[in-house]
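>>> Pasting the sequence and the predicted model now:
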Amino acid sequence: MSIFNKRRIFLFLILICALAVRVYKVGEIPIAIYSDEASLGYNAFSLLHTGRDEFGVPHPLAFQSFGDWKTALPSYLAIPTIALLGLNGWGLRLPIALLGSIAPLVVYFLVRTLFRGDSRRIKIALVAALLISLSPWHILHSRALLFESIGLFFLLLCVFFFYRSFDSIKNLILSALFFSFSIYSYHSLRIVTPLLILFLFILYRTNFRNTIRSAVLYITAGIIFLLPFFVAVMGKSDILFGRARYISVFYDQGVKLRIEEYERQDGSTQNTRLTNLFHNKPYSYSLDILNRYFSHLNGNFLFLVGDRATPFQISNMGFLYFIDSLFLLLGLYVLARKGKEDGELLFFWLIVSIIPSAFTFLTPSSNRIFNAVFPLLTISAVGIVFLAGKQKRRLISILVVTFGYSLSFAFFLYQYFLIMPKDYASWWHYGFKELVQTLVNVEGLYDRVIISDRLGVPYIFFLYYQKYNPTKFQSEGVVDFHRDPLGFIHVENLGRFEFKRHFDWKTEKKNLWPHSLYVVRSEESPNDPPTYEIKDPEGKSIFKLYASS
């Protein structure tokens, strides 16, 4: 069998593996629909039936949603499968799972092009594609209707066609097209993608016959493709970065309070110059941003613990395998020693991928730096190919690598498909489907149903699980569009259901409305026996329902 055929078979097996692990039970695992998925799914459902989003805006590029101005592209991608399969887990997640399954193929062609001057480029490309297909980080984001894997997919295509433009300048237009898709996909890429393309033009300026002309062509095409986006942003500036200002380090009071405390301490000793030198805002904010930036490069975060924010956790492991750390270090050494353009791009890609997250107080964050999965695993692929290329003990090296990744992948599958649905169902908002079903069955017995806002954004689950008539919600839903301190808006009423802000069960239960049903989180009412109760798969109480006389 020729080397070419072996390569094709290996690549085919990689894609089959990627497809299998991303599509298998994707409608049932994760075990529940996360709030962002419910929002994107219901907006797709609303667009399908009315041509408008949940609040009646026709064909938007972003949804106001909970006040976070979600990008609308995931919903548009889900419309065909929702129309075909219904508003359910399969209808929501299948398009993302399929894009995630194709991503290793895009990685293969991109890496092969990136290392075009390296005799081992095919091996590096195949290994990089394999690592992406087995990556817990990538799999996690490819099995839910979220933004990150969509954005990465289009960013990979954007960079690939940029490289292809060295052969034909027409490919710059395709690169600009996928550039715009990445901008439409995810807020973080509105920083990362432009910086990456600017770097590529600088790095490869000698590869174009006329760099200025090529740049003008790219910018012109990009402006045309992004014209609807620019118009939308001029109408509503929040569309650009969503809820970013509410989660930025400058909005957080932590740094400001620390500065005030240092000023009081220094003031007591009259060290005014010292205070101005070290305890001023530019210095303190810069130090805070740097600390947050480098927290993403912490080995504990990358390889052992992972993200602590739901739903981006994987139980009992990081989002990169521990064995990745060994080959990442080796790959860094090899690329640093070579000092070629391929290594410079990967290093820069990694650096800029972390920037958006570093300016928020929600760090470290695996979803905001998700684009870093490509450079990290490609660098690891370089390390693996370098080790396997050593003639001395070559067979042993290959066997060790194969065993290490097989064991790591098996552990991930065990954690993701068996442990998480059972022990960590709450990470994915388990219980809301059961709650909605229970309330729909009994609501006729009560004059009103009052639901605690401590449940998060419960209204969206009532819309989603009931397949609530979008036209009816647009005309009858009661919405408070005034933002709370975290930038969220609130739906207050949905027919008989009331979603009460600033809810305190200890106070409420002293003066209950007659013939009403109250819904609270179980931890809000640890001792009061409920009328109804919703439990997780392990039998732990999630929601308690109390009926008044």
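Structure received.
>>> what pLDDT, on average, does stretch 20-37 get?
Across stretch 20-37, pLDDT averages out at 94.
>>> scratch that, stretch 118-134
94.
>>> and what of stretch 502-510?
The average pLDDT for stretch 502-510 rounds to 84.
>>> For that stretch, buried residues please.
The neighbour-count check on stretch 502-510 (16 or more other Cβ atoms under 10 Å) flags F503, W505, E508 as buried. From N, CA and C alone the C-beta is placed, and that goes for glycine too.
>>> Can you flag which of those residues belong to helices?
Using DSSP state H, the subset of the buried residues of stretch 502-510 located in helices is W505, E508.
>>> domain parsing for this protein?
Residue ranges of the domains in the chain are recorded as 247-293, 428-547, according to automatic domain parsing.
>>> List the contacts of stretch 223-233.
The contact list for stretch 223-233 (Cβ atoms under 8 Å, 6 or more residues apart in numbering) reads P60, L61, A62, A176, L177, F179, S180, I183, Y184, I239, L240.
>>> Can you lay out the buried residues of stretch 502-510 as TSV showing distance to A44?
Output for these, formatted as TSV (distance: Cβ to Cβ, whole Å):
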residue	distance to A44
F503	30
W505	35
E508	35
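>>> elements contacting the helix or strand hosting A128?
Assigned by DSSP states H and E, A128 belongs to helix 121-134. Judged by 3 or more Cβ pairs under 8 Å, 6 or more residues apart in numbering; DSSP states H and E, helix 121-134 is in contact with helix 3-23, helix 89-114, helix 373-388.
>>> and those helices, which is most packed in?
Among the helices and strands packed on helix 121-134, ranked by average contacts under mean count of other Cβ atoms under 10 Å, first place goes to helix 373-388 (a mean of 24).
>>> List the contacts of that one.
Counting by Cβ under 8 Å, 6+ apart, 107, 111, 114, 120, 123-125, 127-128, 130-132, 135, 137-138, 152, 156, 320, 324, 326-335, 346-347, 349-350, 353, 394, 397-398, 401 sit against helix 373-388.
>>> any idea how far it is from the chain center?
In terms of Cα atoms, centre = their mean, to the nearest Å, the gap separating the centre of helix 373-388 from the centre of its chain is 23 Å.
>>> List only those of the contacts of helix 373-388 flagged as buried.
107, 111, 114, 123-125, 127-128, 130-132, 135, 137-138, 152, 156, 320, 324, 326-328, 330-332, 334-335, 346, 349-350, 353, 397, 401.
>>> any idea where the helices of the stretch 401-549 of the chain begin and end?
In the stretch 401-549 of the chain, the helices defined using DSSP state H, counting those that start in this stretch lie at 420-423, 432-442, 459-466, 470-476, 505-508.
>>> Following the chain past the lowest-mean-pLDDT helix or strand in the chain, name the next helix or strand.
When the helices and strands of the chain are scored by mean pLDDT, DSSP states H and E, helix 272-278 comes last with a mean of 60. Once helix 272-278 ends, the next helix or strand along the chain (criterion: DSSP H and E) is helix 281-295.
>>> Just the CA atoms of that next one, as PDB, please.
Extracted in PDB, the C-alpha atoms of helix 281-295 (Å, rounded to 0.1, in the frame of the first residue of the first chain):
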ATOM      1  CA  LYS A 281      -4.800  52.800  38.900                       C
ATOM      2  CA  PRO A 282      -2.600  52.300  35.800                       C
ATOM      3  CA  TYR A 283      -0.100  50.200  37.800                       C
ATOM      4  CA  SER A 284      -2.600  48.200  39.800                       C
ATOM      5  CA  TYR A 285      -4.800  47.400  36.800                       C
ATOM      6  CA  SER A 286      -1.800  46.500  34.600                       C
ATOM      7  CA  LEU A 287      -0.600  44.100  37.300                       C
ATOM      8  CA  ASP A 288      -4.100  42.600  37.700                       C
ATOM      9  CA  ILE A 289      -4.400  42.000  34.000                       C
ATOM     10  CA  LEU A 290      -1.000  40.400  33.800                       C
ATOM     11  CA  ASN A 291      -1.800  38.100  36.700                       C
ATOM     12  CA  ARG A 292      -5.100  37.100  35.000                       C
ATOM     13  CA  TYR A 293      -3.300  36.600  31.700                       C
ATOM     14  CA  PHE A 294      -0.700  34.200  33.100                       C
ATOM     15  CA  SER A 295      -3.300  32.400  35.200                       C
END
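>>> Which other helices and strands does the helix or strand following that helix contact?
Downstream of helix 281-295, the next assigned helix or strand under DSSP H and E is helix 299. Helix 299 sits against no helix or strand, with contacts defined as 3+ Cβ pairs under 8 Å, 6+ apart.
>>> what mean pLDDT would you report for helix 299?
Across helix 299, the average pLDDT comes to 89.
>>> what comes into contact with it?
If you take Cβ under 8 Å, 6+ apart as the criterion, helix 299 is touched by S325.
>>> i'd like the first residue to be 27 from this point on
From this message on, residue numbering opens at 27, which makes the last subject helix 325.
>>> Return the distance of it from the chain's centre.
Put simply, helix 325 sits 20 Å off its chain's centre (Cα atoms, centre = their mean).
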